[in-house]
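Asker: Sequence and predicted structure below; questions after.
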Amino acid sequence: MSQHLGASLSPEEQKIIDQELALHENVKQAVRAEALAAVPDMNDVKKRLIELRDEAISAHEHDLPALFQQLYTHHSLAARDFTKKLPDMRAPYFAHVQTLENGRTRDILIGYQTFIDTKVGVTIIDWRHAAMAKVFFNYREGEEYELELPGRIAVGTLKMRRVITFDGGELTGVSTPAFNLVRERGQPWYRYGSQASPDLSGGAGTAVNVQQFGIGITNRKLPDVSALLDQDQYEILRREDRGALLILGGAGSGKTTVALHRMALLAYQRPGFYAPRFMQVVVPEQGLVRLTERLLGGLGLNGVKVETLDAWMTDQGRHILKRIPKRVYEWTPPAVVYIKRHPALLKAMEVLAAKKVANIAAALKGLINDWGSDLIEFLLASKAPLVPRLDALLERAKDAHVRKDAPQPTKWQLETLTKYLHETKESLVDGELIRSELYGDSDCHGALIDGSDGHIHAKMIAELTRHTRRQFEEPQKPHNDTDDEAGLDIEGTEVEVDDYAGTIDVEDFAVLLEWMHLVHGRVTRKTKSLSEYHHLVIDEAQDLAPLELRILGQSLGADSTLTVAGDAAQQSDPSVVFRGWDDALAQLAVAETSEARLSTNYRCPRPVAELGHKVLGAMAPSDLPKSIREGRDIIFTAVPNEGLAVVEMTDVLGQLIGREPLASVAIICENEENARHFYEALSGNLDVRLVIDGEFSFKPGIDITYVSQVKGLEFDYVVLPDVNIGVYPNTPVARKSLHIAITRAVHQLWVISVGKKSDILTELGY
């Protein structure tokens, strides 16, 4: 039974707190003493420097070399950095284990920096390489272990296993296998929860008592994420440092956690090669960028750059591409986005490249007359990318030895050929020209339709053409309808702005970069090329198009490693054609790949995990995810109109935040329009935040957002306010979206249907 804040602890619980506080005090004293001992008395050093300087002024020349050597030594000593790397006292460790070996009991703390002080009995080991850390990750209390240590085999029993939480250097949490002891900073300790006897309350069904929403345990600091790695996750991190690692698992299984810990471990093992500037994380949405940055900060990897795919492609495109617009259009029609991310576009590029070759061959026939027929044969027969092929063609034209008995060009003919090939190569990297040809050529259109298995049709092509034509129009200067002869923007006058003309779509950056790869053999233009990484993490990779994966794969340097994390069940972006993980890895062009599957849901309580599995229907994995917590049942509420839904949410969520001011609550709508609508309806009575751009603050309170913004994120409480027949139809895309929304809940889920329920719920009997 959970105890409330301020309730007294049992003698057993108080004993545990006393033990941990005493141990923490020992750590503080030992680290403080070590820090002081590492710093010499600089006053003596400075005093001796003055003495040596005075001696040097009056010393005999034979004594000067010895005096100068002493001066150099003391100068070096004065300038030396004596800062020794010690545990970060804001959170010096995250776990405490007690082992029994050969009748001897040892207390071992697990953190990020090895630190041992035998005088006061403090032992902190680095989880990343210390063999004894395996005891914490791989064994439970009472289990016997056998570990291979340097020079010996350790056999013993794990007597105690605790997860320790700090907040600003103050001990605020001790979690045991049976219960949790927590406190706010400076406040009394209290116990909550029981791992053995979950708190089962609340109900399910229509018109339930939603006042039971909330379980009262969110006002605490969570344990360090490293302490939550399980045995399977920990073993994944110990794999060899080479090739690509594909991490697959359902929502809440810890894919991101493992991927980022692998990055941290690589950086620890080879800090020079895996320096932060040589590592990159790419994710689909801005919200996941912010979360990932927070997690990396906790792992000491603040210097690693995290970007959305769109931001990364834009950065690379701006750096490399030639003649592209400065403005990105923000409202690209869905059909156009679909075409530009479809694998069939690669076929269209090949068609365009073949036409380029044919046109060049035709031009050469008129240009070189009778002296260069062998050059045309070389152009048509070569399999090299087009730009290197043209370079080789020019070299053949210049080199009589290569051409043997072929007629040789005159100086004027060679200069003319050189000029033509230079202009041709420049046109091949002209972003505006390539966009107009690729999206406007009828043969390219045919390749798009033929290569899409019927998913791209003539009406979509017409929209692509219309959209592109508008983007290529000349931008019009803003104007107004006033009679002001000078054309000034008078206050209060509406100014018309041309949003379309002179723009580029964000999807075009990947398209044009892939075109560069096609014609150059790699993504490069003169001295500019893709950023090169020694380790790349691609999270939620199921939402990346094949063409985008191809570009990312080309950013990996020699001996680089790659971590790909994803879940096919969460692939809900209708603009992405996901053809399975084998195809995704093929696009990345990684020679050596290993796969790891995570099957335990650490985020969601059992009822939430089960519902998330059920709504996938035929797309669901064959096995239910394993959940480590029971948790409360899901609340289902059906109301006849939206007004009642708003009243219900206002009442219940207002009380929830009053009881649990540190709770994170997400009202997750299916789309942006619904999110804006509910924000307007609720903001007058509730303190809510509208999040439509991924800019989550990750602070306590209520966020109103929509499904595509929350992938990879989690919240204490989740409310789904629009699970209606018109919003979530019984389609694969809608089922995946609902699955994503459901599986964001850490503690409890509330599903609201306004009017008629979604057929997905009805089919499941809710």
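Answerer: Structure's in. What do you need? Numbers count the residues shown, from 1 in each chain.

Asker: And the residue nearest the centre of the chain?
Answerer: Residue closest to the mean C-alpha point of the chain, counted by Cα atoms, centre = their mean, is V283 at 3.9 Å.

Asker: Now that residue: closest residue in space that isn't a chain neighbour?
Answerer: D539 (4.7 Å; Cβ to Cβ, 6 or more residues apart in numbering). (Glycine included, C-beta is placed from N, CA and C.)

Asker: for the stretch 1-150 of the chain, what are the low-confidence residue spans?
Answerer: Within the stretch 1-150 of the chain, the ranges that satisfy pLDDT under 70 run 1-7, 38-84.

Asker: Could you rerun that using 90?
Answerer: In the predicted model of the stretch 1-150 of the chain, residues 1-9, 33-88, 90-91, 94-95, 110-113, 118-121, 126-140, 147-150 satisfy pLDDT under 90.

Asker: Now the residue nearest to L624 when sequence neighbours are not counted. Its backbone dihedrals?
Answerer: Counting by Cβ to Cβ, 6+ apart, L624 lies nearest to H613, which is 5.5 Å off, once chain neighbours are set aside. Backbone geometry at H613, expressed as degrees, to the nearest 10, gives phi -70, psi -40.

Asker: list the contacts for the residue nearest to the centre of the chain?
Answerer: V289, T292, V306, E307, T308, L309, D539, E540, G712 (Cβ atoms under 8 Å, 6 or more residues apart in numbering).

Asker: rerun that using 7 Å as the cut-off
Answerer: When contacts are counted by Cβ atoms under 7 Å, 6 or more residues apart in numbering, V283 touches V289, T292, V306, T308, D539, E540, G712.

Asker: same thing with T424?
Answerer: Taking Cβ under 7 Å, 6+ apart, we find T424 in contact with I360, L390.

Asker: distance of it from R239?
Answerer: Distance, T424 to R239, by Cβ to Cβ, to the nearest Å: 48 Å.

Asker: So in the chain, which strand runs the longest?
Answerer: Ordering each strand of the chain by length in residues (DSSP state E) puts strand 152-167 first.

Asker: strand partners of that strand, parallel vs antiparallel please.
Answerer: Take DSSP bridges as the rule and strand 152-167 pairs in its sheet with strand 95-101 (antiparallel), strand 144-149 (antiparallel), strand 170-175 (antiparallel).

Asker: Looking at these, spot the one closest to A545.
Answerer: Closest approach to A545 among those (Cβ to Cβ): strand 95-101, 41.0 Å.

Asker: Could you point out the helix or strand that follows the closest one?
Answerer: Counting by DSSP states H and E, the next helix or strand C-terminal to strand 95-101 is strand 104-111.

Asker: Which residues does the helix or strand that that following strand is followed by contact?
Answerer: Scanning forward in sequence from strand 104-111 by DSSP H and E, the next helix or strand is strand 115-117. The contact list for strand 115-117 (Cβ under 7 Å, 6+ apart) reads A30, V31, E34, L86, P87, V122, T123, I124.

Asker: Other residues contacting stretch 453-463?
Answerer: P333, A335, V336, I339, H342, A344, H445, L448, I449.

Asker: Report all helices and strands that the strand or helix carrying the third one contacts.
Answerer: V336 is located in helix 334-341, with elements delineated by DSSP H and E. Using 3 or more Cβ pairs under 7 Å, 6 or more residues apart in numbering; DSSP states H and E as the contact criterion, the neighbours of helix 334-341 among helices and strands are helix 458-471, helix 506-520.

Asker: Nearest approach to R183 belongs to which of these?
Answerer: Across the helices and strands packed on helix 334-341, closest to R183 is helix 506-520 (Cβ to Cβ), at 47.5 Å.

Asker: Any idea which helix or strand in the protein has the lowest mean pLDDT?
Answerer: Lowest on mean pLDDT, DSSP states H and E among the helices and strands of the chain sits helix 64-79, with a mean of 55.

Asker: thinking again about what came up before, how close does the residue nearest to V283 sit to D117?
Answerer: Counting by Cβ to Cβ - D539 and D117 are separated by 39 Å.

Asker: who's more crowded, those two?
Answerer: Neighbours were counted for D539 and for D117 using other Cβ atoms under 10 Å; D539 has more, 27 against 16.

Asker: pretty sure that one is touching A565, no?
Answerer: Yes: between D539 and A565 a contact is recorded at 5.0 Å, counting by Cβ atoms under 7 Å.

Asker: Overlap in contacts, those two.
Answerer: Common neighbours of D539 and A565 (Cβ under 7 Å, 6+ apart) are T256, A259.

Asker: For G451, give me its contacts.
Answerer: Applying Cβ under 7 Å, 6+ apart, the residues contacting G451 are A344, K347.

Asker: again, only this time at 8 Å
Answerer: P343, A344, K347, A348.

Asker: Quick check: the farthest pair among those residues?
Answerer: Going by Cβ to Cβ, the pair spanning the contacts of G451 furthest: P343 and A348, at 10.3 Å.

Asker: closest one to P729 among the strands paired with strand 152-167?
Answerer: The nearest among these, by Cβ to Cβ, is strand 170-175 at 42.8 Å.

Asker: List of residues touching the closest one?
Answerer: Contacts of strand 170-175 (Cβ under 8 Å, 6+ apart): 16-17, 20-21, 24, 162-166, 180-186, 220-221, 223.

Asker: Let's see that with 6 Å instead.
Answerer: E20, H24, R162, V163, T165, L181, V182, R183, R185, K221 (Cβ atoms under 6 Å, 6 or more residues apart in numbering).

Asker: What of stretch 284-300?
Answerer: Against stretch 284-300 from outside (Cβ under 6 Å, 6+ apart): 260, 264, 281, 283, 304, 306, 308-309, 540, 543, 694, 696, 709, 712-713.

Asker: Convert the C-alpha atoms of that stretch to PDB, please.
Answerer: Provided in PDB are the C-alpha atoms of stretch 284-300 (Å, rounded to 0.1, in the frame of the first residue of the first chain):
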ATOM      1  CA  PRO A 284      12.400  12.500 -37.500                       C
ATOM      2  CA  GLU A 285      10.900  15.200 -35.300                       C
ATOM      3  CA  GLN A 286      12.000  18.200 -33.200                       C
ATOM      4  CA  GLY A 287      10.600  16.900 -30.000                       C
ATOM      5  CA  LEU A 288      12.800  13.800 -30.200                       C
ATOM      6  CA  VAL A 289      15.800  16.200 -30.900                       C
ATOM      7  CA  ARG A 290      15.200  17.900 -27.600                       C
ATOM      8  CA  LEU A 291      14.700  14.700 -25.600                       C
ATOM      9  CA  THR A 292      17.900  13.200 -27.200                       C
ATOM     10  CA  GLU A 293      19.900  16.200 -26.300                       C
ATOM     11  CA  ARG A 294      18.900  15.900 -22.700                       C
ATOM     12  CA  LEU A 295      19.800  12.200 -22.600                       C
ATOM     13  CA  LEU A 296      23.200  12.800 -24.300                       C
ATOM     14  CA  GLY A 297      23.900  15.500 -21.700                       C
ATOM     15  CA  GLY A 298      23.300  13.000 -19.000                       C
ATOM     16  CA  LEU A 299      25.800  10.700 -20.700                       C
ATOM     17  CA  GLY A 300      28.500  13.500 -21.000                       C
END
